[in-house]
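> Predicted model and sequence below, questions to follow.
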Amino acid sequence: MRLEHGCEITYWHAWEAREFAIAAARGIPDRSYSKILAYLHMIKEANPGTHTHYETNEKGRFMYLFMSFGQSVRGFYNAMQREIFIYGTFLKKKYKGVLLVATAADGNSNLYPIAFGVVDSENNDSWGWFLRQLKVVIPDCRDLAFVSDRNESIAKAIGIVYPQLAHGICIHHLLTNVVAFFKTKGLTALVETASRAYRYTEFQERITEVFDLSPELGRYLREADVRKWARSLFPCSRYDIRTTNLAESINSVLRTPREYPIIPLLDSIREMLTRWFYERRLLRSKHLDPLTAKMERKIDRRIVKAKGFQVYKVDNLRSLVKGDIYDFHVDLERRT
């Protein structure tokens, strides 16, 4: 102001002017909350099949909000990987709160958001409420999996709301704790190798080494529930994704909108999904291969590697394959 306009103002005048400009552009937080019901009604009118839910406490103050677009749910059932990543991140607006996210991955490993929730804080009640609303659009079933960090409220809510569903934990969070609390050299690499082993026998070899080096760490890993972090023991497919990076990436995408009042925040999410889905439909219309671009590249790499394997036919559907490290019996009929 001094250089461009020759005007002296105090810090607080500058701050008030900034706040006034932000409120003019984004809206006043108090008024934004009063428009939630009308906004959710218009969202459902424009997007058939969309599920929204809004709750207040006994004093009429905001508590919980849930939003899941109909096209996201239909797309999940039609083509997405059967694994949902859930995560919570803090909002930076005047009234704070937490944004809860449930997202999946498509066949090209792109983010595929399914549902968003805004709650007062991460606790048993808020996660239980969020998953109950999610269950309205994604029912409980045995071939579905959730992946999250080791938040106790998430684990408790999943056990109650989705008792049939498999629950995996993010290996990155587990390894972070290993690094922080267990200082023996080489332990982190052993745990990571054990977690990604496809064969149970290979997992047993690595976990035995861990117990030999640090019985204390071995007990810690068992308490974390081996079935939740070891690929060879997980009851459903992990699609080679063992972290919550997909859900956490949403935080990065929404870094700026997380500072907005609630209506501009929700509108930013709607605009983001609209743009993503349009761009992906456009790419798909030009894609002629039977699989997605990423999967085609992955298979091409594996074909090159597999050319060095020796294959001995047992019959039309079964073969003995001698690889670079292991030998396997391959059954095309049973897909094993």
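Arrived safely, thanks for sending.

> Roughly how far does the closest residue to Gly70 other than its chain neighbours sit from Arg284?
Nearest residue to Gly70 in three dimensions, chain neighbours excluded: Gly49, at 2.5 Å (CB to CB, 6 or more residues apart in numbering). C-beta here means a position set from N, CA and C on the backbone, and glycine is covered the same way. In this view, Gly49 and Arg284 are 21 Å apart by CB to CB, to the nearest Å.

> Look at the two and report which has more neighbours.
Neighbours per residue, other CB atoms under 10 Å: of Gly49 and Arg284, the larger number sits with Gly49, 13 against 10.

> What are the buried residues along stretch 281-301?
Buried residues in stretch 281-301, counted by 16 or more other CB atoms under 10 Å: Thr292.

> now it, how far from the centre of its chain.
Relative to the centre of its chain, stretch 281-301 is centred 23 Å away, using CA atoms, centre = their mean, to the nearest Å.

> do stretch 328-336 as well
31 Å.

> Go ahead and name everything in contact with that stretch.
Residues outside stretch 328-336 that contact it (CB atoms under 8 Å, 6 or more residues apart in numbering): 314, 317-321.

> give the contact list for His173.
By CB under 8 Å, 6+ apart, the contact list for His173 reads 149-150, 244.

> Tabulate the residues you listed in CSV, adding columns for secondary structure, distance to Cys236 and pLDDT.
What follows is the contacts of His173, written out as CSV (DSSP: H, G, I helix; E, B strand; the rest coil; distance: CB to CB, whole Å; pLDDT from 0 to 100):
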residue, secondary structure, distance to Cys236, pLDDT
Asp149, coil, 18, 91
Arg150, coil, 19, 89
Thr244, coil, 16, 86
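
> Of those residues, which is the most crowded?
In terms of neighbours by other CB under 10 Å, those top out with Thr244 at 22 neighbours.

> What does that one show for phi and psi?
Main-chain dihedrals, Thr244, degrees, to the nearest 10: phi -100, psi 20.

> 565 is where my numbering starts, stick with that
Got it, the first residue is 565 from now on, which makes the last one we talked about Thr808.

> which residues does the nearest residue to it once chain neighbours are set aside contact?
In space, Thr808 comes closest to Cys734 once its chain neighbours are excluded; the distance is 4.3 Å by CB to CB, 6+ apart. By CB under 8 Å, 6+ apart, the contact list for Cys734 reads 711-714, 806-808.

> Can you tell me which of the residues you listed is nearest Phe767?
Distances from Phe767 to the contacts of Cys734, taken as CB to CB, are shortest for Arg806 (13.4 Å).

> ok, now which ones touch the closest one?
Here Arg806 is in contact with 711, 732, 734-735, 759-760, 793, 795 (CB under 8 Å, 6+ apart).

> and it, which of the three is it?
With DSSP: H, G, I helix; E, B strand; the rest coil as the basis, Arg806 sits in coil.

> How many neighbouring residues does the closest residue to Lys858 other than its chain neighbours have?
Counting by CB to CB, 6+ apart, Lys858 lies nearest to Asn672, which is 4.8 Å off, once chain neighbours are set aside. Asn672: 16 surrounding residues under other CB under 10 Å.

> per-residue confidence at Glu583?
The score at Glu583 is 63. That number is its pLDDT.

> What segments of the stretch 565-714 of the chain are helices?
With DSSP state H, counting those that start in this stretch as the criterion, the stretch 565-714 of the chain has helices at 566-569, 575-590, 593-598, 600-610, 634-643, 688-701.

> and Gln728, which of these is closest to it?
The closest approach between Gln728 and any of these, judged by CB to CB, belongs to helix 688-701 at 11.1 Å.

> buried sites along that closest one?
690-695, 697-698, 701.

> can you check stretch 873-893 too?
Ser883.

> what are the ranges of the strands in the stretch 665-814 of the chain?
For the stretch 665-814 of the chain, the strands defined by DSSP state E, counting those that start in this stretch occupy 675-683, 709-712, 730-733.

> partners of the longest one in the sheet?
Its sheet considered, strand 675-683 pairs with strand 626-632 (antiparallel), strand 662-669 (antiparallel) by DSSP bridges.

> Show residues contacting the shortest one.
Surrounding strand 626-632, the residues in contact under the criterion CB under 8 Å, 6+ apart are 597, 600, 604, 607, 614-621, 659, 678-684, 690, 693-694, 697-698, 701, 826, 830, 833.

> hmm, which of those are the buried ones?
Buried, going by 16+ other CB under 10 Å: 597, 600, 604, 607, 614-617, 678-684, 690, 693-694, 697-698, 701, 826, 830, 833, out of the contacts of strand 626-632.

> re the thing from before, mind listing what the residue nearest to Gly634 touches?
633-635, 637-638.
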